[in-house]
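1. Structure for this input, please:
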Amino acid sequence: MNESPTLALARQLIQRPSVTPLDGDCQQIMRERLERLGFECESLRFDDVDNLWAVRGSQGPLFVFAGHTDVVPVGSESDWSHPPFAAEVDGDYLHGRGAADMKGSLAAMITACEAALTGPEAGLFETLRLGFLITSDEEGIAKHGTRRVMETLNQRGEKIDYCLVGEPSSDKRLGDTIRIGRRGSLSAKLKVKGVQGHVAYPQLAVNPIHKAMPALAQLSAENWDAGNEAFPPTTLQISNIAAGTGANNVIPPVCEVDFNFRFSTESCHEDLKSRAQAIFAANGLNFDIDWHLSGEPFLTQPGLLRDAITRTIREHTGLDTDQSTAGGTSDGRFIAPSGAEVVELGPRNATIHQVDECVAIADIEKLSELYAGVIHFIAKKFATQLSG
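-> Got it, this is the predicted structure:
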């Protein structure tokens, strides 16, 4: 099979099992390619997580490709039509865990830089530094990956100006959707405390399930905000309710509830906490609650990066891309607070985290062209300013 450079590299990466937090030496493969292009590469290992930080150039703003080598578990391999780490090509598709999320994007980033830095306009990159921020802790708790790398860079005074994250953003066609921001994520573990007793003598007990239900109904019906032009309204979802001793004649002592906010820039996490706890108090609950903030919402305003990406997509695909903030969280939430412009562009997300994950070969090859086009656009912008 006559493979393109992007397909060959994507297959090589997929064939390295790298379930979070494992990297499977994927970053070493990338590092070797980047060092041949003149990148100075640094391995940053925090706890059990491998991270790669690479920079090329010494002057001009810093444009960084960001992504992750870790993948989610495959489940039962017998459910897969193709072995999940075989990276098999079947017709027009490349199959395997990480094909779409996001080893196809990583391969496209590398080959885009190889094409740009060895092509006829390589001189443009004398006024634009290029970088890579790659982690193996995006699909997990995200504690020792991009978060820690950004803390390290901030301590050093190293600043990222533009960041393109390779998360699978596209819907029906490559490039039809980019992410210009993400909602915040705030989770809670609520413990409603009652008094255990016999169901035949409810006057001698306090049923925490009965106490919790009206409060949870009010919680789920609350309008938290109306959203704005960039973000839909904040939502709350109850994801788990657990109670009971295993016997049907015992009133349980505790009811535990998990819920999550996905919130817009119209709300702050402290306000959401206060409002939720006020509902519990107003309903007379005896409760404890533990909160976990996964990330604040962020939005990249119109600027050079959004312009470069939308223009490049239009030039190469003819699409006017949808600029969205939908979906879950990404590592962009750790990069945006530094002041960097952050946008996500990647392949279709139809099969991510699923059995038989796959990506269209033509899409990752075109994605390499898009990535190269974006960095050319920005490099040319600064080269023109310098010469002018």
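2. Please identify the buried residues of stretch 243-257?
-> Of all the residues in stretch 243-257, those buried under the rule 16 or more other CB atoms under 10 Å are 243, 251-257. Heads up, the C-betas are built off the backbone N, CA and C, glycines and all.
3. mind giving me a markdown table with these and columns for distance to Ala200 and secondary structure?
-> A markdown table is the format used below for the buried residues of stretch 243-257 (distance: CB to CB, whole Å; DSSP: H, G, I helix; E, B strand; the rest coil):
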| residue | distance to Ala200 | secondary structure |
| --- | --- | --- |
| Ala243 | 18 | strand |
| Ile251 | 10 | strand |
| Pro252 | 15 | coil |
| Pro253 | 17 | coil |
| Val254 | 20 | strand |
| Cys255 | 20 | strand |
| Glu256 | 25 | strand |
| Val257 | 26 | strand |
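4. Need the max-distance pair from those.
-> Ile251 and Val257 (17.1 Å; CB to CB).
5. which of the residues in the worst-scoring helix or strand of the chain on mean pLDDT are buried?
-> The weakest-scoring helix or strand in the chain, judged by mean pLDDT, DSSP states H and E, is helix 361-387 (a mean of 92). For helix 361-387, the neighbour count (16+ other CB under 10 Å) marks 361, 363-383 as buried.
6. same deal with stretch 270-287?
-> Result for stretch 270-287 [16+ other CB under 10 Å]: buried residues 272-273, 276-277, 279-280, 283, 285, 287.
7. how much space between the closest residue in space to Glu266 that isn't next to it in sequence and Leu128?
-> Once flanking residues are discounted, Glu266 sits nearest to Asp225: 3.9 Å by CB to CB, 6 or more residues apart in numbering. Going from Asp225 to Leu128 by CB to CB, to the nearest Å gives 39 Å.
8. quick one: the strands in the stretch 1-150 of the chain?
-> 40-46, 49-56, 62-68, 89-90, 93-95, 129-135 (DSSP state E, counting those that start in this stretch).
9. what is the mean pLDDT for the first one?
-> When pLDDT is averaged along strand 40-46, the result is 98.
10. Now do that strand against strand 49-56: the angle between them, please.
-> 160 degrees (axes from the mean of the first three to the mean of the last three CA atoms, to 10 degrees).
11. go on, the last one?
-> Computed with the same axes, to 10 degrees, the direction of strand 129-135 lies at 170 degrees from that of strand 49-56.
12. could I get the strands of the stretch 1-150 of the chain as CSV with distance to Ser239?
-> Shown next, in CSV, are the strands of the stretch 1-150 of the chain (distance: least, CB to CB, whole Å):
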stretch, distance to Ser239
strand 40-46, 29
strand 49-56, 26
strand 62-68, 24
strand 89-90, 35
strand 93-95, 31
strand 129-135, 26
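13. okay if I get those as TSV plus mean neighbour count?
-> Formatted as TSV, the strands of the stretch 1-150 of the chain follow (neighbours: other CB atoms under 10 Å):
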stretch	mean neighbour count
strand 40-46	15
strand 49-56	23
strand 62-68	26
strand 89-90	14
strand 93-95	22
strand 129-135	25
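14. so which of the ones you listed comes closest to Asp171?
-> That would be strand 93-95 among the strands of the stretch 1-150 of the chain, by CB to CB, at 17.2 Å.
15. which stretch among the strands of the stretch 1-150 of the chain comes nearest Gln155?
-> Across those, closest to Gln155 is strand 40-46 (CB to CB), at 12.0 Å.
16. What lies in contact with the closest one?
-> Strand 40-46 is contacted from outside by 27, 31, 34-35, 50-56, 144-145, 148-149, 152, using CB atoms under 8 Å, 6 or more residues apart in numbering.
17. Mind doing that once more with 7 Å?
-> 31, 34-35, 50-55, 144, 148-149, 152 (CB atoms under 7 Å, 6 or more residues apart in numbering).
18. for stretch 259-272, same thing?
-> 183-188, 224-228, 231-239, 293, 297, 299.
19. So which residues of the stretch 151-300 of the chain form strands?
-> Going by DSSP E, counting those that start in this stretch, the stretch 151-300 of the chain shows strands at 162-165, 177-179, 181-182, 184-193, 197-198, 235-243, 250-251, 254-263, 287-295, 298-299.
20. Let's have those in a markdown table, adding mean pLDDT and distance to Leu204.
-> A markdown table is the format used below for those (pLDDT from 0 to 100; distance: least, CB to CB, whole Å):
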| stretch | mean pLDDT | distance to Leu204 |
| --- | --- | --- |
| strand 162-165 | 98 | 57 |
| strand 177-179 | 98 | 55 |
| strand 181-182 | 96 | 49 |
| strand 184-193 | 97 | 16 |
| strand 197-198 | 98 | 5 |
| strand 235-243 | 98 | 18 |
| strand 250-251 | 98 | 9 |
| strand 254-263 | 98 | 17 |
| strand 287-295 | 96 | 21 |
| strand 298-299 | 94 | 52 |
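21. can you redo those strands as a markdown table with distance to Ser324?
-> Shown next, in a markdown table, are these (distance: least, CB to CB, whole Å):
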| stretch | distance to Ser324 |
| --- | --- |
| strand 162-165 | 13 |
| strand 177-179 | 5 |
| strand 181-182 | 8 |
| strand 184-193 | 16 |
| strand 197-198 | 51 |
| strand 235-243 | 15 |
| strand 250-251 | 47 |
| strand 254-263 | 14 |
| strand 287-295 | 17 |
| strand 298-299 | 11 |
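22. looking at these, which is closest to Thr310?
-> Per CB to CB, nearest to Thr310 of these: strand 177-179, 7.5 Å.
23. Could you list the low-pLDDT ranges of this protein?
-> Within the chain, the ranges that satisfy pLDDT under 70 run 1, 386-388.
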